[in-house]
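1. Using only what follows, build the 3D model:
(chains A and B)
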There are 2 protein chains.
Amino acid sequence: MPDKLSPLLAELSPLFKDRILTSSAAREHHGSGESHLPAAWPDAVIMAHSTQEVSTILSACTKYNVPVIPFGAGSSLEGQIHAPHGGISLDLSAMDAILDVQDADMDCRVQCGVTRQALNEHLRATGLFFPVDLGAHATLGGMAATRASGTTTVRYGSMRDLVLGLTVVMPDGEIIKTGGRARKSASGYDLTRLMIGSEGTLGIITELTVRLFGIPEASQTAMCTFETIEDATETVVMALQCGLALNRIELADTLQMQAINRYSKTELPERPTLWVEMTGSPATVENDMETFVALAETAVNIDQAKTAEDAARIWRIRHDALYASRALRPGIKGISTDVCVPISQLPACISAIQDVIATTSIQAPLVGHVGDGNFHLVLLYDPADEAEVCEAKHINAALVSMAIEMGGTCTGEHGVGLGKKAYLPAEHGPALGVMARIKRAIDPDNIMNPGKIFDL
Amino acid sequence: MPDKLSPLLAELSPLFKDRILTSSAAREHHGSGESHLPAAWPDAVIMAHSTQEVSTILSACTKYNVPVIPFGAGSSLEGQIHAPHGGISLDLSAMDAILDVQDADMDCRVQCGVTRQALNEHLRATGLFFPVDLGAHATLGGMAATRASGTTTVRYGSMRDLVLGLTVVMPDGEIIKTGGRARKSASGYDLTRLMIGSEGTLGIITELTVRLFGIPEASQTAMCTFETIEDATETVVMALQCGLALNRIELADTLQMQAINRYSKTELPERPTLWVEMTGSPATVENDMETFVALAETAVNIDQAKTAEDAARIWRIRHDALYASRALRPGIKGISTDVCVPISQLPACISAIQDVIATTSIQAPLVGHVGDGNFHLVLLYDPADEAEVCEAKHINAALVSMAIEMGGTCTGEHGVGLGKKAYLPAEHGPALGVMARIKRAIDPDNIMNPGKIFDL
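-> Here you go, the predicted structure:
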């Protein structure tokens, strides 16, 4: 790699000057992220400021056959930003301009480094917002590249659904625009959706046009306790079938509730729990929450928020779930893994994985976006303890294999990266070969985030 | 072609027997469809009954290098089923089994030849329905292949949004499964979305898993007349920003309303008109229609349906719009063309194209799915009159070029086929080259519906 790297950096130095970083600190930061995987440092980091600069860098990387790994906020969980083959970490975080907001069309165009928080801050005066709501302080480029979703997918859809168009720099430096500003189109292949979720292996997303929505007039929140996960899930299925104005519907298991009580100093029932939020007009919210409460006849306790502060308190408990989990075992970060299954399979999948967990020494609290059939386990293992590492890996593999068996997927929202790569043949079968053929056609030299999604 | 065809048919005859058709009637039927384009017959038609049979046919077509054109209901409008290079029309209409309905998960798996009407008929007892609502009696396979949408896209999305997974036969006969039954996934490239809208140029869709929805409890309909298209559009923008429970919101221009009055023997105001339908719980529908009426302060007339029969009457008028258009010039079928623009551009786009139309002798009534910025013109020209043909082509080209200029697309829902192919370079620029690279990687011999979307 250094042999190829020197001429590349020599060529780019006059253009990027001190925006080329080769310090250990910069390389470590750009090769670790929030994943549980061991760090894999890039050889250098380059800070890009424009689509044109990204194009210049990719042309040069193609010329010298050097890998390029796009980097946004570094919040990916499966090693998407790692550099297992070295190369350049292309840091896009300075590309954080909000280029255009169109109120009447309810869309906006942003650079890839804009975070969802920054976008919503910017939109505040318009009465509009961008709904994809993750745990992480992520960039929109990274969220598109990993097909992110989060708590409001049940209402608004994921990045897949909410991106109208992209600017993408291809491996040879060519700049393309996919999609546009029309709400729908039947014109040609859906390159927008091909790029979304491709994790930087086909091109680098530098701009996005995304849909916005009016901030709902009213909202109501409730927290409901059930005897069993089945009871909770059945209530969710009925609510979905009735088309209630659900904005969020989140699940936690008993262990997660124990962790929350300990962490948040609460005395909540330590049983499977649903957080529910309805949004819309006051009439809709009132009516639909009433219907939900009537549907939730198996609930043993329903705590309806009376005020906005009360609702905020209930949601804070949910938002602190990850910290609460980690506090079960101080000093341990754990693997945050996720799968997604058809919602009817959720109780069986959860029960089966809890049986597997019970055969190990690992604690693994569960939270989920239950309206989508998507749930997360935090596997609290000590990376220094080989036996625990083995157990955690075993649980993760068992979880994925059950999810696939049940018609689901190895990851609902965290993506593949390095961490889930081994499971793709089982999930996709021969379709994986078609993906690889597309990868080779678009990136014949395999310089784009090599080693992610698949090995070629 | 006949040189290649004889050995192909000789190989397939023992398997398909009288399901291979070479009569002029069969070839004509399979090479015409509902488009305005001159027929282009296939050399033969084969009726497939299973995914395995489709695989056998594609393997043989690859072996003998014979084009294959998938055929569902023949309702495509832009020549998607035409056979400009001859070859086999692969008729999938007999693959009409509904394989699996999962009430709790609100999804179902069907063969590609199932029509949306047949599916909704089958679902009647479940309280669920499949919402994509086109003018045509189309098959779900064809609807996916052309990325179809229709009147309810504003609420439920298009085929792009509602397909969870596909079974696809690739050019060499390999059978792949894309997606699955999970509501979301971040696992690998989105081959489902790549196949949707690819018009049979990458593979043949033989099975689909699609999302279903609960039939809303209540609905309310109104028909509103405005002085200008701007007034109508501004009302729609406000309704969208408020997140009202719109199920359909449809627009017709003055000429269309004149056509309707003449055809349906009505005395409706001959001005820009909106049809609006709210669906949801009775409380939501009541509240949101009230809000809509308050927002529509520029409306000169609002006709709210009092009963279900009254609502049906109002929607029948909308559904008969195409027949009403054609009745303006009996014996003339016309081109039904469509574009989609950002909704704020709709009045400008409509006004500009009406100015162009006024310079010709062509009548062109307009209807549109205004919530999506998508509208249709029926260009009533006589195909035997060369001057009119030129004028119609001129209007279509002007319309597309305006739509692209305004950030829109050359087709919102009819697709590219042969009819819109010439406009793709202007719309997609270098992205079209990336599409072509994917086509070549997946179908190197160009046997899959060759000549559609692009020339290679």
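2. Is it correct that A:P7 falls within a strand?
-> No - the assignment for A:P7, made by DSSP: H, G, I helix; E, B strand; the rest coil, is helix rather than a strand.
3. That one touches A:C61, doesn't it?
-> No - contact criterion CB atoms under 8 Å: A:P7 and A:C61 do not qualify, at 11.4 Å. For the C-beta atoms, the positions are set from N, CA and C on the backbone; glycine is no exception.
4. So between those two, which is more surrounded?
-> A:C61 (25 against 13; other CB atoms under 10 Å in any protein chain shown).
5. How confident is the prediction for the more buried one, by pLDDT?
-> On the pLDDT scale, A:C61 is placed at 98.
6. Which elements pack onto the host helix or strand of it?
-> Using DSSP states H and E, A:C61 sits in helix A:51-64. Counting contacts by 3 or more CB pairs under 8 Å, 6 or more residues apart in numbering or on different chains; DSSP states H and E, helix A:51-64 packs against helix A:2-16, strand A:68-71, strand A:88-91, strand A:163-169, strand A:175-179, strand A:204-211.
7. Would you mind putting those into TSV with mean pLDDT and distance to chain B alongside?
-> Output for the helices and strands packed on helix A:51-64, formatted as TSV (pLDDT from 0 to 100; distance: least, CB to the nearest CB, whole Å):
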stretch	mean pLDDT	distance to chain B
helix A:2-16	92	23
strand A:68-71	98	16
strand A:88-91	98	20
strand A:163-169	98	8
strand A:175-179	98	4
strand A:204-211	98	9
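8. Please work out which of those is packed deepest.
-> strand A:68-71 (a mean of 29; mean count of other CB atoms under 10 Å in any protein chain shown).
9. the helices in the stretch 351-456 of chain A, which residues?
-> When assigned using DSSP state H, counting those that start in this stretch, the helices of the stretch 351-456 of chain A occupy the ranges A:386-405, A:424-428, A:431-442.
10. Please list the outside residues in contact with the longest one.
-> Put plainly, it is helix A:386-405. A:335, A:337, A:339-341, A:349, A:352-353, A:356-357, A:360-362, A:364, A:377, A:379, A:381-383, A:409-410, A:420, A:423, A:426-427, B:182 (CB atoms under 8 Å, 6 or more residues apart in numbering or on different chains).
11. Equivalent analysis for the shortest one, please.
-> The set of residues external to helix A:424-428 that reach it, using CB under 8 Å, 6+ apart, is A:400-401, A:404, A:409-410, A:416, A:432, A:435, A:453-454, B:177, B:180, B:187-188.
12. Drop anything exposed from the residues you listed.
-> A:400, A:404, A:409-410, A:416, A:432, A:435, A:453-454, B:177, B:180, B:187-188 (16 or more other CB atoms under 10 Å in any protein chain shown).
13. Report the inter-axis angle for the helix holding A:C61 versus strand A:163-169.
-> 50 degrees (axes from the mean of the first three to the mean of the last three CA atoms, to 10 degrees).
14. ok, and for helix A:51-64, which residues are buried?
-> Using 16+ other CB under 10 Å as the test for burial, helix A:51-64 gives A:51, A:53-62, A:64.
15. For A:Q111, give me phi and psi.
-> phi -80, psi 160 (degrees, to the nearest 10).
16. quick one: contacts for it?
-> A:92, A:95-99, A:141, A:206-207.
17. any idea what sits nearest the residue nearest to the spatial centre of chain A, other than its immediate chain neighbours?
-> Most central in chain A under CA atoms, centre = their mean is A:A148, positioned 3.6 Å from the mean C-alpha point. Take A:A148 and drop its neighbours on the chain: the residue closest to it by CB to CB, 6 or more residues apart in numbering or on different chains is A:M159, 5.1 Å away.
18. How many neighbouring residues does that neighbour have?
-> Close neighbours of A:M159, defined as other CB under 10 Å, add up to 27.
19. A:L99 now?
-> So A:L99, with other CB under 10 Å, has 12 neighbours.
20. Whether the strand or helix carrying it contacts chain B - can you check?
-> Element membership for A:L99, per DSSP H and E: strand A:98-102. Yes - shown here: strand A:98-102 in contact with chain B (CB under 8 Å from any CB of the partner chain) through A:Q102.
21. Count the residues that sit near A:E309.
-> 9.
22. Quick check: it vs chain B, distance?
-> Noted for A:E309: a distance of 24 Å to chain B, by CB to the nearest CB, to the nearest Å.
23. How about the contacts made by A:D133?
-> Contacts of A:D133 (CB under 8 Å, 6+ apart): A:116, A:150-152, A:248.
24. what about it, distance to A:L162?
-> From A:D133 over to A:L162 the distance is 12 Å, taken as CB to CB, to the nearest Å.
25. Ramachandran coordinates for the nearest residue to A:E234 once chain neighbours are set aside?
-> Counting by CB to CB, 6+ apart, A:T298 is the residue found nearest to A:E234 once chain neighbours are left out, at 7.1 Å. For A:T298, the backbone dihedrals are phi -90, psi 0 (criterion: degrees, to the nearest 10).
26. Can you read off the pLDDT for A:T298?
-> Reported pLDDT for A:T298: 97.
27. That one against A:T235, yeah?
-> Yes - counting by CB under 8 Å, A:T298 touches A:T235, with 6.6 Å between them.
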